[in-house]
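Enquirer: Sequence plus predicted model, see below.
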Amino acid sequence: MVVNVKNMIDDELFFGHKACAGCGGSLALRAALKVLGPNAVAALPAGCMSAVGFNFPQLAFANNAMITPFAATASVLTGIEAGLRAQGKKPDDCTVVGFAGDGGTADIGLQALSGAIDRNDDVLYICYDNEAYMNTGIQKSSLTPFGAKTTTTPAGSNVHGCLTQKKNLFEIVAAHGIPYAATASVGYLNDFIRKVERARDVHGTRYIHVIAPCPTGWGCGVDETVDIAKDIVDTGLWYLAEYEGERVSGQPGGRFRLNRDPKQFASVPAYLRRQGRFRAFSDDEVAAVEQGRDAKWEVMRREWRG
Amino acid sequence: MIEVLWHGRGGQGAFTAARLLGAAASMADGRHALAFPSFGPERRGAPMRAFTKMDDVPIGDRSAVAQADYVVYLDDTLLGDGWECELKPGGLVLANSTRTFDDPRIVALDADGISTAVLGRPIPNTVFLGALAALCDRVELADVEEAVRQYMPAKLHAKNIEIVQAAREAVSRRDEGGSARRPERVEQAEGSPVASAENTATAPQRPASRIPTLRSGALDPAEFAHSTCFEGGYLTVKNAGWRNIRPVIDAAVCTGCLQCYLYCPDGAVYKTSRSDAVNEGSCGASDCSESFPKRASAREESLELQDGVPHEAAASGRSAVRQNGGIEIDYDFCKGCGVCAKACRFGAITMIPESEADAR
Amino acid sequence: MKRFLSGDEALAEGVRLARPQVISAYPITPQTVVVERLSEMVEDGSLAAEYVHVESEHSALSCAIGASATGARTFTATSSQGLLYMAECLTYASGGRFPIVMMNANRATALPWNIYGDQRDSLSLLDHGWIQVYAENNQEALDLALMAYAVAEDPAVRTPVMVNLDGFALTHTYETVDVPTPEQADAFLPPYDGAGNSFDFENPVSIGFSAGPDYDRYFKYWEHRDMLEAAPRAIKEAEARFAEVFGRRYSGMIECVACDDADVVLVTLGSVAGLVRGVVERLRAQGVRAGMLRIRYLRPMPSVLVATALAGAKAVGVLEKDVSFGAEGTVYTNVNSALQQAGARVPTYNFIGGLGGDDISEAQVEGMFRALAQAADGTLDLPHVSFLGIDSPADAVSEGGR
């Protein structure tokens, strides 16, 4: 059954949380759990969603959920899955799912994630990427994009924000030969929902990287979350793609697929200028961002089609 | 010791004001101050507190202020029942409000208006620095101005000093005139169990079978504290207090397309009945052809085509859902972000101020 | 069945008998043999467990935490830097009240890099909420693997247990061990019932949430109280049942050797007790009223038992393979606190030795007893803290030296 807005469960498994108004991460969690259902077991490391999701006695998960050490999302998932299986206690419709932020995934949690993929543990790992350490108040992570102002990459007259490029985590994960990996954005929620559903039904390790804007950290209106998450895809600065490992795709080395290939990109300057974090960008720097995008798309269009 | 308790919403600058006040009050030799925020899991928009303590001797007590000489509300929707408990005898409440109050202990100040006149948008926090300079002997206007110069970015100096001066004058004038009335209304702030009770009383039942729900039982540490394992979905407070604007659905325009329901980060939009009866192939089935957030006309004909794809589900969903009462908003947990209003391509959702909602 | 096993192997045999359902394993000297043997047991089918090859110690304990949260019996093992690397997770395991059993091969901590035995690793993490028990020999190591689960999983305790084996002195030293039958082990140790602290698909739970200033203290208070009060009771019960089933009786949280009328008592932790035991016998034969107190469980701290056993002595020495830099040995601090609380005015002296695998000799042990006796009668000015083999008067008193 294809899950859509009409037939999705009425249950709200993540509800009553203390996330900021307009939080993209909380939207990603809510939507994913609507696909995975009440028998999902969720693990969340230190980060926004655990901080706002279970602060005793305000416990916003209606399904089983637990907090993990910051670096340990994937290894706790492994333990949960192994424990349930060892005892024969895992319901057929139980997905063991992790929700970690960009820092918790691409920085401190990367080793454990790599280990879980290496073992091909039967878990789903969802990275809600808001492009900085938002729980501690907007510090640079390795998924912060070039030029973004954070509280540790100030935009001054000498340096204009983050100097490094966003780490290409999707392809790093795919390089493990993972059965299934995908990128998504809360701006294209139906695409995300479809990918969660696809991931739910694949055996082995699955990874979904979903862009989830943070109005507080990005410097945009709280009502713009979804709009801007759509914009980042339409500009080509993010892309909707999937990777299926060899076993799933039947193709040696696995197969990438581009899910959306805009004939014309939306305006990068417009996307950047609507966010406070890119305010210091010079026109040259904006042009460099567009060039980087074009180079990336040239490769994706050549190699990820069909 | 003079203690100031600041109430605001995350992002309103309550702590910035608390800090500037402390800096001003400790500017002179032999003057001391502490300023600190309350730390909690709540986020932008949520009620939060900050504190300033001022004295002639170094201050060792770093605990939160329970009773203050001045209690400041940057947002008058936070001024609710129990405000008196936070006030020392002889203390004053300073509220950002255009209302008038029947109690001499409450000083209303149109801080939004004062700041908007200077900045072009309402940033009420520094208004109260001027107010306190007028009301509190310990706070000198010159020191407040110096604190602004030392601790705010240079480009903000002139305008904030202008705000501080305007506020000081407004309060001085008011003091001379003197008006005192009882509090206009009494309500609970910060998501207490009775907040928005009027909304829940009339709202239809949510269809969800599994959803975190509000509980009110006493919690005994000897029971719960032997593990960190507790019943999931156990809620003790609402999020209604976070909001100063709210979405209102125009049933006449709503098509029942459910995009507001889909995109609500808080799950605060809900269906009042299952819409299973609606045709398969909903408006969300075609992943990457979503037209959100483009706005279409509310006219029925526009539903026939959506990005060239027949869009019967939205049309049929409209009748099905409306017939059953359509969708509702759970105002106990809506934070007023406005994502739903943007998601509605038919313009069926309007964001209105809470004060206006109260008046309705 | 009698077998000649190293401490690592004996411990692994004990773990097999305990039937853990999930094992997370990461190698580190001198623990490695444990995870090797367990992998063989899983391979040959004699142990039905999920064996997870984690990529670090941090993940080893995290994985065990996740598994324990499902109600599974779990085991992991580590040592030294590995223990320090997972230190963050120790408090998650104890605060979450997950009855994980972990073997720690006591080993020196860097720098200098050193793979040999001392007790700096576990003692530096004494305050992380785990029950800590120290084995004297390989038989006790095997038996503790079973008893640790009985204690950890006791519904009133629900606290992880760290079973400490001295690196090399136990882990790599072979001796005769009686390996019980699976039937005996099953009679002793029932399956773990994680109800109330594990996921429940009928009534979902949140596990390991955060708690603010209004609530946190209650969780910490009961974590403390349950270890302090419930664990000693559970240890006593486990040892009584163990004696019934296996015929071997242990002495509780401490073991006293000739303490009752002793003038000089040496407090020990771990395998060095075997050496001290022999010296006590010899000195007694020579008319020296010597005694030994072996601390088996250092958490919960058996303060009353320690103070009672030591109160009548004229001088007490605390021998430990550890120092809290800039202060004194950690065991010494704990013993002093116990004596002070009991109002016992016994002079105490700290002997720090065996660091980084340095052997402690019989002559040094005798030297410590003689130094204590001389300090008691006022003929030796014994410093409160001294290092064996460097500046301890015990070395000189021991004549032949090291």
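Expert: Thanks, I have it.
Enquirer: Helix or strand for the one residue in chain C that gets nearest to chain B, just tell me which one.
Expert: Closest approach of chain C to chain B (C-beta to the nearest C-beta) occurs at C:Tyr218, with a separation of 3.6 Å. C-beta coordinates here come from the backbone N, C-alpha and C atoms, glycine included. Assigned by DSSP states H and E, C:Tyr218 belongs to helix C:216-225.
Enquirer: wait, does the very next helix or strand once past that helix make contact with chain B?
Expert: Following helix C:216-225 in sequence order, the next helix or strand is helix C:231-246 (DSSP H and E). No - using C-beta under 8 Å from any C-beta of the partner chain, helix C:231-246 never reaches chain B; the gap is at least 13.0 Å.
Enquirer: how far out from the middle of the chain is helix C:231-246?
Expert: Distance of helix C:231-246 from the chain centroid (C-alpha atoms, centre = their mean, to the nearest Å) equals 17 Å.
Enquirer: what comes up buried for it?
Expert: Residues C:231-232, C:234-235, C:238-239, C:242, C:245-246 are the ones in helix C:231-246 that count as buried (16 or more other C-beta atoms under 10 Å in any protein chain shown).
Enquirer: and A:Met300, how many neighbours?
Expert: 17 (other C-beta atoms under 10 Å in any protein chain shown).
Enquirer: For it, grab phi and psi.
Expert: In terms of degrees, to the nearest 10, the main-chain angles of A:Met300 are phi -60, psi -40.
Enquirer: For it, give me its contacts.
Expert: A:239, A:241, A:256, A:258 (C-beta atoms under 8 Å, 6 or more residues apart in numbering or on different chains).
Enquirer: and with 7 Å instead?
Expert: By C-beta atoms under 7 Å, 6 or more residues apart in numbering or on different chains, the contact set of A:Met300 is A:239, A:258.
Enquirer: Just the pLDDT for it.
Expert: We have a pLDDT of 97 for A:Met300.
Enquirer: quick one on the thing from earlier: so how far is B:Phe224 from the residue of chain C closest to chain B?
Expert: 7 Å (C-beta to C-beta, to the nearest Å).
Enquirer: for the stretch 151-300 of chain B, which spans come out with low pLDDT?
Expert: B:175-203, B:273-300 (pLDDT under 70).
Enquirer: just the strands in it please.
Expert: In the stretch 151-300 of chain B, the strands defined using DSSP state E, counting those that start in this stretch lie at B:213-214, B:229-231, B:234-235, B:245-249, B:269-271.
Enquirer: List the neighbouring strands of the first one plus their orientation.
Expert: To tie it back to what came earlier, the one meant is strand B:213-214. strand B:234-235 (parallel) (DSSP bridges).
Enquirer: and for the strand it pairs with, what are the contacting residues?
Expert: Contacts to strand B:234-235, defined as C-beta under 7 Å, 6+ apart, come from residues A:16, A:57-59, B:212-215.
Enquirer: now, which of those residues sits nearest chain C?
Expert: Checking the contacts of strand B:234-235 one by one against chain C (C-beta to the nearest C-beta), the nearest turns out to be A:Leu59, at 4.3 Å.
Enquirer: for the closest one, what are its contacts?
Expert: So A:Leu59 contacts B:212, B:230, B:232-234, C:206, C:209 (C-beta under 7 Å, 6+ apart).
Enquirer: for the stretch 301-402 of chain C, what spans make up the strands?
Expert: C:315-320, C:348-352, C:385-387.
Enquirer: quick one, which of those is nearest to chain A?
Expert: Of the strands of the stretch 301-402 of chain C, nearest to chain A by C-beta to the nearest C-beta is strand C:315-320, at 30.0 Å.
Enquirer: Could you double-check that the residue of chain C closest to chain B sits in contact with B:Ala222?
Expert: No - using C-beta atoms under 7 Å, C:Tyr218 makes no contact with B:Ala222, being 8.4 Å away.
Enquirer: okay, these two: which has more neighbours?
Expert: C:Tyr218 (19 against 10).
Enquirer: Compute the distance between that one and chain A, please.
Expert: Plainly put, C:Tyr218 is 10 Å away from chain A if you go by C-beta to the nearest C-beta, to the nearest Å.
Enquirer: Just to be sure, B:Leu132 is in a helix?
Expert: Yes - with DSSP: H, G, I helix; E, B strand; the rest coil as the criterion, B:Leu132 is part of a helix.
Enquirer: Mind checking what secondary structure the closest residue to it other than its chain neighbours has?
Expert: Closest residue to B:Leu132 apart from its sequence neighbours, by C-beta to C-beta, 6 or more residues apart in numbering or on different chains: B:Val139 at 4.7 Å. Secondary structure assignment for B:Val139 (three-state DSSP): coil.
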